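A.B. asks: fold the following and give me the result.
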Amino acid sequence: MIDLTPAPHVLFSMMNTRMPWWQALAELIDNSFEASATRVEIINQKDVVKIVDDGRGVSDITACFRYGDHRQNDKDGIGQYGVGAKDVWLAWAGMMRIITVHNGIKTIAEANCEAMAGNAFEMPDPVSSPTDESSGTTIELHLRSGKNGPSEDAFESIRWRFTPGLRSGRQIVATQIKKGQSKRNVLSAVEMPLLTDVVESAFDIDGKSVWIRIGILADGHKMPNGNGPLWIIRKHRVIDANSLGIGHYSARRIGGEVHIGKEWKLAKHKDSLTENADRLEQAIHVRIRGILEKADQLADTFDCLLMRNRVQTMLDDAMGGVANKKEARNKGESIGSVTPKHTSRERLRAARVSDAEGKVRVRGSTHPQSKRGVVFDWVELEGERIGNVDSTGKRISLNTNNAYVASLRSNGDCLQTFLLVAALIADHDCRHESNGQKLLAFDFGDFAEAMGAIVKDYKEVSDNDQTRAV
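C.D. replies: Sure, this is the predicted structure:
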């Protein structure tokens, strides 16, 4: 047999991996909550970031440093790849030091990835001793030169991501220490806005449990954080926010939560699903179609709806130029084995029928669904960002709270709107892996190449064409 253990210099590449602070902290908070912690404090002090919890501690401290190994504190936990703490360490720190108290034993271990790189995958032996201290774990990240600690924006993302855990009574505290002065911020759960016409349903998809609560946003209300109308939740955290199940309808007036059970597998950093997303999408859609139709009519004036459909048609034509011709077309097949709870077993089918002009209509709707599977929409996002790309829900949205986008919408400027949408798609597919969920059929090396492929077959839709498409 040939030993394929990687050479230590591979650490240099791993240390250049980009990992935003909110994602890094989320990995460590996950570990703490899975170790039954009720309180996690994140202490940011100059060039050291500490994560302190009151969990049950770590039985095998070396697992926190060894790739592919991990401390399995919760048999139903969301960690499964054994890379979380290691990825954080290599992305941000030189030395990682861990102090843990488990079953009356205090253990301290540390390793420096900068010293290991190019030398050997070795660390000093941990030091253990009996103690009367309470159980818990402290992780110290000694930041590398040029690395800064987490910003307030990172903690705002953490507050949203861990809203389910905060609702249940768990506590996350962000402490900033500067010049000997300490400022503590106890993070609070993000409130779900007021919903009307709420649909609640519990069901299984191939033995994987789901519970949804989705409704129409009341007048004057909007979904917070601007990441997507539906929060996908597992256990103590929001996995993703997307438009899964909304289909071609506008998401502007839709909001809610999709809770998935422990059986669902997640991506490496627990920020998306890795399986059955298409079945979940259709199962949600058939349950909320009634409120989608109602919300769609509340979302836009007739002029704005006409513009949305016109840009959608332009997008369909452009995406057709880069579509994979071998991709199987949706024939309205069964959405899979779906068993509504408290009812007799049945198979559900999406009620889709073919329509003219290469579109697909959902029964009862007056608006065509994109044949290419990418939907354009208007949304109201917090801040001034141009828009949002939802690769899971195949939706590109422009933010009407941005003054420029608002002016395009009010002026009915379809060309500039289409170009903004194309730019968002090109940027997203060039910069994001998206766990394989890409909007374009092919990979492009850079933004200019992707943008050129999208707009090369551009043609503006005439009024007659638009009338036919609507």
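A.B. asks: okay, now the residue nearest to Leu195 when sequence neighbours are not counted: neighbour count?
C.D. replies: Leaving aside its chain neighbours, Leu195 sits nearest to Gly215 (3.2 Å; criterion: Cβ to Cβ, 6 or more residues apart in numbering). To be clear about C-beta, it is placed using only N, CA and C from the backbone, and glycine gets the same treatment. Residues lying near Gly215 (other Cβ atoms under 10 Å) number 21.
A.B. asks: so what pairs up with Gly215 in the strands?
C.D. replies: With DSSP bridges as the criterion, Gly215 is bridged to Gly255.
A.B. asks: could you measure the nearest residue to Gly136 once chain neighbours are set aside against Val48, distance?
C.D. replies: Among residues not flanking Gly136 along the chain, Asp54 sits closest, at 4.7 Å (Cβ to Cβ, 6+ apart). Plainly put, Asp54 is 20 Å away from Val48 if you go by Cβ to Cβ, to the nearest Å.
A.B. asks: neighbour count winner among these two?
C.D. replies: Set side by side, Asp54 and Val48 show more neighbours around Asp54, with 19 against 16, by other Cβ under 10 Å.
A.B. asks: from Thr301, how far off is the more buried one?
C.D. replies: Counting by Cβ to Cβ, the gap from Asp54 to Thr301 is 53 Å.
A.B. asks: what do you get for Ile158?
C.D. replies: In terms of Cβ to Cβ, Ile158 sits 38 Å off from Thr301.
A.B. asks: comparing these two, which shows the higher neighbour count?
C.D. replies: The neighbour count for Ile158 versus Thr301, taken as other Cβ under 10 Å, is higher for Ile158 (24 against 8).
A.B. asks: any stretches of the stretch 151-300 of the chain with poor pLDDT?
C.D. replies: Scanning the stretch 151-300 of the chain for pLDDT under 70 picks out 226, 268-269, 271.
A.B. asks: let's see 80
C.D. replies: Scanning the stretch 151-300 of the chain with the threshold set as pLDDT under 80 gives 225-227, 267-275, 300.
A.B. asks: equivalent analysis for the stretch 1-150 of the chain, please.
C.D. replies: Across the stretch 1-150 of the chain (using pLDDT under 80), the flagged ranges come out as 1-18, 67-84, 118-121.
A.B. asks: for it, which segments count as strands?
C.D. replies: Secondary structure of the stretch 1-150 of the chain by DSSP state E, counting those that start in this stretch: the strands cover 39-45, 48-53, 93-102, 105-112, 127-130, 136-143.
A.B. asks: what comes up buried for the fourth one?
C.D. replies: For strand 105-112, the neighbour count (16 or more other Cβ atoms under 10 Å) marks Lys106, Thr107, Ala109, Glu110, Ala111, Asn112 as buried.
A.B. asks: now stretch 414-426 - C-alpha only, PDB.
C.D. replies: The C-alpha trace of stretch 414-426 is given here as PDB (Å, rounded to 0.1, in the frame of the first residue of the first chain):
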ATOM      1  CA  CYS A 414     -35.900  46.900 -18.600                       C
ATOM      2  CA  LEU A 415     -32.500  47.000 -20.300                       C
ATOM      3  CA  GLN A 416     -30.600  48.300 -17.300                       C
ATOM      4  CA  THR A 417     -32.500  46.000 -15.000                       C
ATOM      5  CA  PHE A 418     -31.700  43.000 -17.100                       C
ATOM      6  CA  LEU A 419     -28.000  44.000 -17.200                       C
ATOM      7  CA  LEU A 420     -27.900  44.200 -13.400                       C
ATOM      8  CA  VAL A 421     -29.500  40.800 -13.100                       C
ATOM      9  CA  ALA A 422     -26.900  39.400 -15.600                       C
ATOM     10  CA  ALA A 423     -24.100  41.000 -13.600                       C
ATOM     11  CA  LEU A 424     -25.300  39.400 -10.300                       C
ATOM     12  CA  ILE A 425     -25.500  35.900 -12.000                       C
ATOM     13  CA  ALA A 426     -22.000  36.300 -13.500                       C
END
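A.B. asks: and for Gly387, nearest residue in space, chain neighbours not counted?
C.D. replies: Leu398 (4.2 Å).
A.B. asks: that neighbour contacts Leu381, correct?
C.D. replies: No - applying Cβ atoms under 8 Å, one finds Leu398 not in contact with Leu381, separated by 9.1 Å.
A.B. asks: how's this protein carved up into domains?
C.D. replies: Following automatic domain parsing, the chain resolves into domains at 10-186, 195-298, 302-469.
A.B. asks: can I take it that Gly290 is in a strand?
C.D. replies: No - counting by DSSP: H, G, I helix; E, B strand; the rest coil, Gly290 is not found in a strand; it is helix.
A.B. asks: run through the residues that contact it.
C.D. replies: When contacts are counted by Cβ atoms under 8 Å, 6 or more residues apart in numbering, Gly290 is found next to Val199.
A.B. asks: distance of it from Ile61?
C.D. replies: In this structure, Gly290 and Ile61 are 54 Å apart, going by Cβ to Cβ.
A.B. asks: and what of Gly412?
C.D. replies: 62 Å.
A.B. asks: before we move on, what about Lys183?
C.D. replies: On the measure of Cβ to Cβ, Lys183 and Ile61 end up 31 Å apart.
A.B. asks: which one's more surrounded, the two?
C.D. replies: The neighbour count for Lys183 versus Ile61, taken as other Cβ under 10 Å, is higher for Ile61 (21 against 10).
A.B. asks: my guess is that one contacts Ile105. True?
C.D. replies: No - at 10.1 Å, Ile61 and Ile105 do not qualify as touching, with contact defined as Cβ under 8 Å.
A.B. asks: any idea how far the nearest residue to Phe418 once chain neighbours are set aside is from Val421?
C.D. replies: In space, and not counting its chain neighbours, Phe418 is closest to Met314: 4.7 Å by Cβ to Cβ, 6+ apart. Distance of Met314 to Val421, computed by Cβ to Cβ: 9 Å.
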